[in-house]
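K.L.:
give me the fold of what follows.
(chains A and B)
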Protein chains: 2
Amino acid sequence: MARVCVFGAGGVGCVYAYILHEAGCSVTAVCRTNYQAVKDNGILIRSKIFGRQQFKPTTVQSVSEAVQHGPFDYLLVCSKAFPGTAAMMKEAVTPGKTAIVLAQNGIGGEDEYARLYPENTIISGVVYLPVTQVEPGVVEHGPLERFEIGTYPPDAPSTAKAQAQTLSDLFKAGGGSTPVFADVQPQRWIKVSVNAAWNATTALTTCDDANYLRSSPIAEPVVRNIMQEVGLIASADGYPDVISDAVIERDLERPKSRLATGGKEPSMLTDVRHGRPMDVEAILGNTLRIGQKHGVKTPCLEMLYALAKARNFAIAPDETWVPIARHD
Amino acid sequence: MARVCVFGAGGVGCVYAYILHEAGCSVTAVCRTNYQAVKDNGILIRSKIFGRQQFKPTTVQSVSEAVQHGPFDYLLVCSKAFPGTAAMMKEAVTPGKTAIVLAQNGIGGEDEYARLYPENTIISGVVYLPVTQVEPGVVEHGPLERFEIGTYPPDAPSTAKAQAQTLSDLFKAGGGSTPVFADVQPQRWIKVSVNAAWNATTALTTCDDANYLRSSPIAEPVVRNIMQEVGLIASADGYPDVISDAVIERDLERPKSRLATGGKEPSMLTDVRHGRPMDVEAILGNTLRIGQKHGVKTPCLEMLYALAKARNFAIAPDETWVPIARHD
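P.N.:
Residues are numbered from 1 along each chain as shown, chains lettered A, B, ... in the order given. Next up is the predicted model:
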């Protein structure tokens, strides 16, 4: 029986824990804010694909506490990709054994793990899973579940490739859809273009994706333009023609289809609604830095990044924040 | 004694009412949300320039109610430039007598008034007045007061020019600073570039201008870029070299100087904080439409407009808003 540790039991973590639980894995979920709710009542998933499902993983509050349920074959990192997250996993990673699976948005996040865990397989994952944790331990899941994976780097040894295939098989056994790619970076770039287009725009406007599209005739051209700018950077970074016009139109169909059924709230919007800072660096910051390295001009991405950084500053001001001037 | 009607007693309306009151004018203020407070206690201005000043204009709740205190020599429109505002003024405008003074941001707002009031002088005004109404009838005012005016159109008859000069003299008598320009449109374009740069960015991020600048190293280049895009449109519309690099740097000095003293909250941010829709069309919408007419590409302005429109949609959703999908 494969032992899996799921770090970060938000919307994505809960659904992946469910799939691997269905596959017969021993699943340990490291919960933070929803710890008590999950410990008491387990996880409830209301899914367009899986229906209404309730289950109880082994529930712990920290990586240290998870260790007793290991050693783990897989560590699924489903938390946000804040810098410094990699180091927090140390105790759950058995050198030479645990494959670290990054179920995170953004680009360039694997480096930190590869450096810290040189003896472990790194599996890079691209998540398509419209989920919202509507209350602690309760997750709404829309009509899409696709987890694209591949080893990092793409030319990893065959043992690593085998671990990726086994993970794919486990997901399949649990009802999931997890294709393995020889090089998953093109898939990652495509997802970054989607995230860049929707996450910050919805978070800044507090419109879900469908209502954003409804808000003005220029709303759609603007997100298309953002995706094209990400495409320019991907091209300059060695992935030309990945974010093609056809791919952009295909990826715009998803949110557009939600005009009929009600929209989806991307995670950054959920963060803003709950007064939490957004994961700006993984998606926008890293993308812009790669673009800068290649001298690519992307004014819209730059503006989005600046606006999202400022929004974060207002959400979580540090000691440099100064109140507005008063003259009385 | 000149009779003046001030429509819209927000921050700008209160300070201009004060200046004209000081000049000895009979001032009638049309108040909306702050009517009761102003009627009971008058207006209190806490100003870096005028000090602490309290006074009581004739306070009315509507244009109809104002009429009994006319006929007016000047009607100062200090409300936001929402489409349709012009028609609301009808009763306060005596044909052939009342000069309509637009103390509003944005570009192209004069047309509607010129069409509706062909027998009246239109005076276009560009407002530099860092004000915030902190509670009903109480206005904080920073260290700048400049009201640039000129007839609309610039080649108006000499009687109109004389009315503009008289208004300038009245402001001067009341302690104000109101230069008259032969053509005030270049001044208006400059102000539009400032408003475009700061209003939507601060409203979307909920950072005042100084904290926005503090939020990331890219914050300043992004606002500079917005101003340059407005400059491209102004150039295409017959005002080349108006929004020059030197003008942009000069206008960036104001918010940058507030890094030391505490920032200013532009009106759009105040609107968002109070759950009111922003005046998106006057500044961003009209500017973009002029750019479109000339085929000017301004991706950052387009994105700002789309984001601001969507933010407005979330603030004041109409019947087309659809809640996010639920799957239970």
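
K.L.:
okay, now residue A:86: neighbour count?
P.N.:
For residue A:86, the count of nearby residues is 22 (other CB atoms under 10 Å in any protein chain shown). For glycine as for every other residue, the C-beta is placed from the backbone atoms N, C-alpha and C.

K.L.:
the residue lying closest to it once chain neighbours are set aside: neighbouring residues, count only.
P.N.:
In space, not counting the residues next to it along the chain, residue A:86 is nearest to residue A:112; the distance is 4.3 Å by CB to CB, 6 or more residues apart in numbering or on different chains. When counting by other CB under 10 Å, one arrives at 17 neighbours for residue A:112.

K.L.:
name the helix or strand for residue A:112, please.
P.N.:
helix A:110-116 (DSSP states H and E).

K.L.:
buried residues of the next helix-or-strand element following that helix, list them for me.
P.N.:
Next along the chain after helix A:110-116, taking DSSP H and E as the criterion, comes strand A:122-128. For strand A:122-128, a neighbour-count test (16 or more other CB atoms under 10 Å in any protein chain shown) marks A:122, A:123, A:124, A:125, A:126, A:127 as buried.

K.L.:
direction included, what does strand A:122-128 pair against?
P.N.:
strand A:99-103 (parallel), strand A:146-152 (antiparallel) (DSSP bridges).

K.L.:
name the residues that touch it?
P.N.:
The contact list for strand A:122-128, computed with CB atoms under 8 Å, 6 or more residues apart in numbering or on different chains, reads A:12, A:99-105, A:109-110, A:113-114, A:144-152, A:156, A:160, A:163-164, A:167, A:184-185, A:187-188, A:190-191.

K.L.:
from these, list just the buried residues.
P.N.:
Among those, those classed as buried by 16+ other CB under 10 Å are A:12, A:99-105, A:109-110, A:113-114, A:145, A:147-152, A:156, A:160, A:163-164, A:167, A:184-185, A:187-188, A:190-191.

K.L.:
is it true that residue A:18 touches residue A:50?
P.N.:
Yes: if you go by CB atoms under 8 Å, residue A:18 and residue A:50 touch, sitting 7.0 Å apart.

K.L.:
what about those two, which has more around it?
P.N.:
The neighbour comparison of residue A:18 against residue A:50 (other CB under 10 Å) goes to residue A:18, with 27 against 18.

K.L.:
wait, a helix at the more buried one?
P.N.:
Yes: counting by DSSP: H, G, I helix; E, B strand; the rest coil, one finds residue A:18 located in a helix.

K.L.:
ok, now which ones touch it?
P.N.:
Per CB under 8 Å, 6+ apart, neighbours of residue A:18: A:43, A:45, A:50, A:53, A:55, A:174.

K.L.:
got a markdown table for those residues, with distance to residue B:26 and secondary structure too?
P.N.:
A markdown table is the format used below for the contacts of residue A:18 (distance: CB to CB, whole Å; DSSP: H, G, I helix; E, B strand; the rest coil):
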| residue | distance to residue B:26 | secondary structure |
| --- | --- | --- |
| A:43 | 70 | strand |
| A:45 | 69 | strand |
| A:50 | 73 | coil |
| A:53 | 73 | strand |
| A:55 | 76 | strand |
| A:174 | 79 | coil |
